[in-house]
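Q: okay, sequence plus prediction incoming.
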Amino acid sequence: MLIYILKRILIAVPLIFGVLTLTFFIIRLAPGDPAAFFIQPGISPNVAEQIRAQYGLNDPLPVQYVKWLANVLQGDFGRSFSRAQQPVFDVIAEALPITVTIAALTLVANFTFGILIGIVSAVRQNSFIDRFLTVSALFFYSMPEFWFALMMIILFALKYPLFPASGLNEIGAESFGPLGFVLDRFWHLVLPVTVLSINGAAGIARYVRGSMLEVIRQDYIRTARAKGLPENVVIFKHALRNALLPVVTLMGSSLPFIFSGALFIEVIFAFPGMGRVTVEAIFARDYPLIIANTFISGSLIVLGNLVSDVLYAVVDPRIKL
Amino acid sequence: MTEYRKILRSELRGGRSLPLPGLVLCLLLALSVLAMSGCNRSNGGAEHSAMGQAAMDSTLVIAMLGDADYLNPVLGSTVTSGNIMGLIYPSLLQTEFDTTTGLLNYMALEKKLREVASSQAKKTPRAAVARSWQMSADHKSITYTLRNDVFWNDGKRIVSGDFKFSYKLYGNPVIASARQQYLAELVGADKGRIDFDRAIETPDDTTLIFRFYKPVAEHLALYHTSLTPLPMHLWKDVKPEEFRHSPLNLEPLGAGPYKLKRWQQQQQMILVSSRNSNLPKPGTIPALAFRVVPDYTVRLTQLQTGAVDVVENIKPEDFTALMKANRQIDIKTVGLRAYDYVGWSNIDQEEYRRSGKVKPHPLFGSPKVRLALTLAIDRESIIDGYLKAYGVICNNDISPSLKWAYNNRITPHPMDPARASALLRAEGWLPGPDGILQKQGRKFSFVLYTNAGNARRNYASTIIQQNLRAIGIDCKLDVQESNVFFENLQERKLDAWMAGWSIGLEIDPLDVWGSDLKKSRFNFTGYVNSRIDQLCELAKQKMDPTGAKAYWQEYQEILHRDQPITFLYWIKETQGFSRRIEGEELNISGTFYNLDDWRLRPSAALTQ
């Protein structure tokens, strides 16, 4: 398996590199100018030129590419154009913990509730509770996240002010002490994590239900029941393990989500996470930051797929890598 | 059925038989998060909320759309940066906008450019570092005498050398400050390189002399020489190429009524009253929190719940609901500084790009056609339907707030579709078989572009489309991403578009209307009228701005006649304020014009 993993990682290097090269050219060929902000009445026309010169945008594209390549090979992804020329990885390092916190909590809730609802729906197939859960899951699954978030804010921050509408902490949260600070942070995370997880759990529930229904009709389940095993052992030990195989792949593919952030939720709840960093970088034509973000999400997608495949082999002994 | 219930119960008891024990752990974690959050509101809630309340009573919270880019006056170029830097840094002069005349006034501690009626004077000159100034008789130099009792927050005195040092930074092409235009009259600027040794002299710590290569009007000299300084003793060793990313940018050292306590980028900025400040005094409210809340609905919700105290640019359609939901909110407006317009390309832009020749645009080249388009558009309807009391018909780009220059004699073109049709007929545009006007086989059909994400312009463009259709003009609508839209405008690729301008308080419109299309970067329409250039030039030569009144009046008449664009409406910016704020004076120069004088009523007083 180790050789397999190494092979996959080796293949990933040119793949990610190709993605970065493509991104490099696409963003530069797209309309828009990183110095556009400085083109306005009252600002000398020289400023935009000087800014472009600073960013090295006046060189021909191939020259820019070679320079960029030389820097990237040394691990230098450059400085952000739009965020006070901070090194791009510093910008990302600030945003990442916020995104990871939200995403990790969300994923836990997603899988927990998704699997639970999926199992209940499957074992009580066609019952009232199954139909109710199916309809509710579809209802929440098809609901746009940003709208749902706004409705939750209007309901739980405005009509019944139980939770804050935005931000990571209260004003003056530092004076609450370490525990108070953490509690305050959690209090701020309730609404966004709920929105994200209701939406995600609904999708996973559908997945688990389908997979579970397929498994409980298998001969070995009938055999397990026939030999007199209690129903919970049959469902959780024999059926669920097999039904969770496709769900395991979902875990792998959730990896990029953990690091790339949930844009709408970050904008609505005013969290300075990765989603906002990426989108603001695109609007500001902040080339180094866009490329660094692409590098991170590209690597994570590749890694996520690898993790999925490896997890497959781990949970299912029939699969050999 | 019973078996299934058992399964569920076992699941609820803790799911011992789950195949992935990690999941159980995760579930517990999630539950503990929820439990802790709940406990935060219930058990620990009282203590927490009391502390929070205390913090809120001494903190004014302002919601911002985006974060500041820099808190360095040489670099900061966003509105947010400007607002915050105004509270942190010292300024050579104090400015105030005189609403009776619409003129900007400049004040040093012991001198004013002009006397303002006492009811208008809201600003104290004590915030100025300059004690007085003297303009030379030939208007080619200005000498400031500085106070000797003003200090940076670290205790070092503010001296004339700080200003000279800062101007060198503003003028350094490697630093690329957006304010280098302010140095355009200094000695050497005409030759392309400012001679700082001669242009700015500092014979001693309290004398600061600026020299110009040509005579400069006093108000302009004051405007251009009063850029915010940086402390030289802190910045002198920072290399220009490292200036933009120096760590000092994150810890600004100022001397104003507030100082920066904490800056969590993209989240919030906390300023606290600077107890030792005498420029003019420590801020009255102990702490200011500028919080980034990118979503408009959330900003509005937070204003309603009292989580924030000030929200800028509230849309008129939300006023009623907002006031109904919370009676402790006021809507306030500032003067007229921003307008929307429909741009018509006056010249054949393709021909101009190809050969550099200026030829009339096949659709919009004639002033009569453009006048017909203005007459066809129901501007009152747009105002009534969207801006309501917060919009005023716009005739040209000199704001009615600039009373000294505004031409009252001009009456707005009324909506008159019959006259519009007659004008178009006289220009040879006749209805075709499909009802669309035609001339020499060309249909009067075009695309009206606007930028994405502006509800007001979307609303207006739909009405414009209907109005034009009524007189036989086919107007299609298209929305472009802002960057793309702006690039297309600059390259003069659009035939018709809807956009807006925000005007400066000193009138200088040559960038927008100058006849030299290569130099006038913002003359997107390609409007060429040499008299406009002359008038702008003549006005600049006047040493007293009011002396240029006649020129600006004629300028407005020409624009009204030629209709290079259809001016739509001036927008009164509307800001939401919590009523716990007292003493706020909104002004055309900004919502936070006298923020250091605002006071907060404690929350208890409000509930009573």
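A: Yep, that arrived. Not measured: the values here are computed from a predicted model.

Q: in the stretch 151-300 of chain A, what residue lies closest to chain B?
A: Residue nearest to chain B within the stretch 151-300 of chain A: A:Gly172 (2.8 Å; CB to the nearest CB). C-beta here means a position set from N, CA and C on the backbone, and glycine is covered the same way.

Q: and the closest residue to chain A within the stretch 251-400 of chain B, what helix or strand is that in?
A: Going by CB to the nearest CB, chain A is nearest to B:Gln266 of the stretch 251-400 of chain B, at 3.4 Å. Per DSSP states H and E: B:Gln266 is located in neither a helix nor a strand.

Q: go ahead and confirm it touches A:Met274.
A: No: between B:Gln266 and A:Met274 there is no contact under CB atoms under 8 Å: 11.4 Å.

Q: and these two? which has more neighbours close in?
A: Ranked by neighbour count (other CB atoms under 10 Å in any protein chain shown), B:Gln266 and A:Met274 place A:Met274 first, with 29 against 22.

Q: which phi and psi does B:Trp404 have?
A: phi -60, psi -30 (degrees, to the nearest 10).

Q: what is the burial count for it?
A: Counted with other CB under 10 Å, B:Trp404 comes out at 16.

Q: read off the pLDDT value for it.
A: If you check B:Trp404, the pLDDT there is 93.

Q: quick one, phi psi at the residue of the stretch 151-300 of chain A closest to chain B?
A: Phi and psi for A:Gly172, reported as degrees, to the nearest 10, are phi 80, psi 20.

Q: ditto for B:Thr124
A: Dihedral pair for B:Thr124: phi -90, psi 140, per degrees, to the nearest 10.

Q: quick one: contacts for it?
A: For B:Thr124, the contacting residues are B:Gln94, B:Pro280, by CB atoms under 8 Å, 6 or more residues apart in numbering or on different chains.

Q: just the pLDDT for it.
A: B:Thr124 is given a pLDDT of 80.

Q: got the contact list for the residue lying closest to A:Val267 once chain neighbours are set aside?
A: Nearest non-adjacent residue to A:Val267, counting by CB to CB, 6 or more residues apart in numbering or on different chains: B:Pro294, 4.9 Å away. For B:Pro294, the contacting residues are A:Val267, A:Ile268, A:Ala270, A:Arg276, B:Leu65, B:Gly66, by CB under 8 Å, 6+ apart.

Q: that older thread, the residue of the stretch 151-300 of chain A closest to chain B and A:Asp184 touch, don't they?
A: No: A:Gly172 is beyond contact range of A:Asp184, at 9.7 Å (criterion: CB under 8 Å).

Q: okay, these two: which has more neighbours?
A: Per other CB under 10 Å, whichever of A:Gly172 and A:Asp184 has more neighbours is A:Asp184, with 24 against 19.

Q: so how far is B:Ser177 from the more buried one?
A: Using CB to CB, to the nearest Å, A:Asp184 is found at 40 Å from B:Ser177.

Q: got the phi/psi numbers for the closest residue in space to the residue of the stretch 251-400 of chain B closest to chain A that isn't next to it in sequence?
A: Spatial nearest neighbour of B:Gln266, excluding adjacent residues (CB to CB, 6+ apart): A:Pro272 at 3.4 Å. The phi/psi pair for A:Pro272 (degrees, to the nearest 10) reads phi -80, psi 60.

Q: tell me which stretches of the stretch 101-250 of chain B form strands.
A: Remark: strands assigned in the stretch 101-250 of chain B by DSSP state E, counting those that start in this stretch are B:103-108, B:111-112, B:130-135, B:141-146, B:200-201, B:207-211.

Q: those: which one's closest to chain A?
A: Of the strands of the stretch 101-250 of chain B, nearest to chain A by CB to the nearest CB is strand B:103-108, at 14.4 Å.

Q: residue 127: neighbouring residues, count only.
A: Chain wasn't specified; assuming chain A. 14.

Q: actually chain B
A: B:Ala127: 24 surrounding residues under other CB under 10 Å.

Q: so where does the residue nearest to B:Leu510 when sequence neighbours are not counted fall, helix or strand?
A: Spatial nearest neighbour of B:Leu510, excluding adjacent residues (CB to CB, 6+ apart): B:Cys536 at 4.6 Å. Following DSSP H and E, one finds B:Cys536 within helix B:530-541.

Q: show me what the helix or strand that that helix is followed by is packed up against.
A: Counting by DSSP H and E, the next helix or strand C-terminal to helix B:530-541 is helix B:549-562. With contacts defined as 3 or more CB pairs under 8 Å, 6 or more residues apart in numbering or on different chains; DSSP states H and E, the packing partners of helix B:549-562 are helix B:367-376, helix B:530-541.

Q: where does the stretch 101-250 of chain B dip in pLDDT?
A: The stretch 101-250 of chain B contains residues with pLDDT under 70 at B:118-122.

Q: kindly report the same for chain A.
A: Looking at chain A by pLDDT under 70, you get A:258, A:260-261, A:321.

Q: how far off centre is stretch B:472-492?
A: Relative to its chain's centre, stretch B:472-492 lies at 22 Å (CA atoms, centre = their mean, to the nearest Å).

Q: got the buried residues for that stretch?
A: For stretch B:472-492, burial by neighbour count (16 or more other CB atoms under 10 Å in any protein chain shown) applies to B:472-475, B:479-483, B:485-489, B:492.

Q: how about the residues you listed, which pair is most distant?
A: The span of these, defined through CB to CB, is set by B:Gly472 and B:Asn483 at 34.6 Å.

Q: show me what the helix or strand that B:Lys324 is a member of is packed against.
A: Per DSSP H and E: B:Lys324 is located in helix B:319-325. Helix B:319-325 sits against helix B:296-305, strand B:329-344, with contacts defined as 3+ CB pairs under 8 Å, 6+ apart.

Q: run through who's touching it.
A: So helix B:319-325 is contacted by A:Leu158, B:Leu300, B:Leu303, B:Gln304, B:Ile314, B:Ile329, B:Ile331, B:Thr574, B:Gly576 (CB under 8 Å, 6+ apart).

Q: which among those gets closest to B:Arg337?
A: Relative to B:Arg337, the closest of these is B:Thr574; by CB to CB it sits at 12.8 Å.

Q: and which of the contacts of B:Pro294 is nearest to A:Ile221?
A: Closest approach to A:Ile221 among the contacts of B:Pro294 (CB to CB): A:Ile268, at 44.2 Å.

Q: spatially central residue for chain B, please.
A: The centroid of chain B falls nearest to B:Val79 when counting by CA atoms, centre = their mean (5.6 Å).

Q: what strand or helix carries the closest residue to chain A within the stretch 451-600 of chain B?
A: Per CB to the nearest CB, B:Asn483 is where the stretch 451-600 of chain B lies closest to chain A, at 3.5 Å. Assessed by DSSP H and E, B:Asn483 sits inside helix B:482-490.

Q: now the angle from that helix to strand B:329-344?
A: 40 degrees (axes from the mean of the first three to the mean of the last three CA atoms, to 10 degrees).

Q: and helix B:482-490, what does it pack onto?
A: Contacting helix B:482-490 under the criterion 3+ CB pairs under 8 Å, 6+ apart are the following elements: strand B:445-451, strand B:496-502.

Q: recalculate using a threshold of 7 Å.
A: If you count contacts as 3 or more CB pairs under 7 Å, 6 or more residues apart in numbering or on different chains; DSSP states H and E, helix B:482-490 packs onto strand B:445-451.

Q: keeping just the C-alphas, turn the strand it packs on into CSV.
A: Taking C-alpha atoms only, strand B:445-451 is exported to CSV below (Å, rounded to 0.1, in the frame of the first residue of the first chain):
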residue,chain,number,x,y,z
SER,B,445,-31.0,49.4,-31.0
PHE,B,446,-28.3,49.1,-28.4
VAL,B,447,-27.2,47.3,-25.2
LEU,B,448,-27.2,49.3,-22.0
TYR,B,449,-24.5,47.9,-19.7
THR,B,450,-24.3,48.2,-15.9
ASN,B,451,-22.2,46.7,-13.2
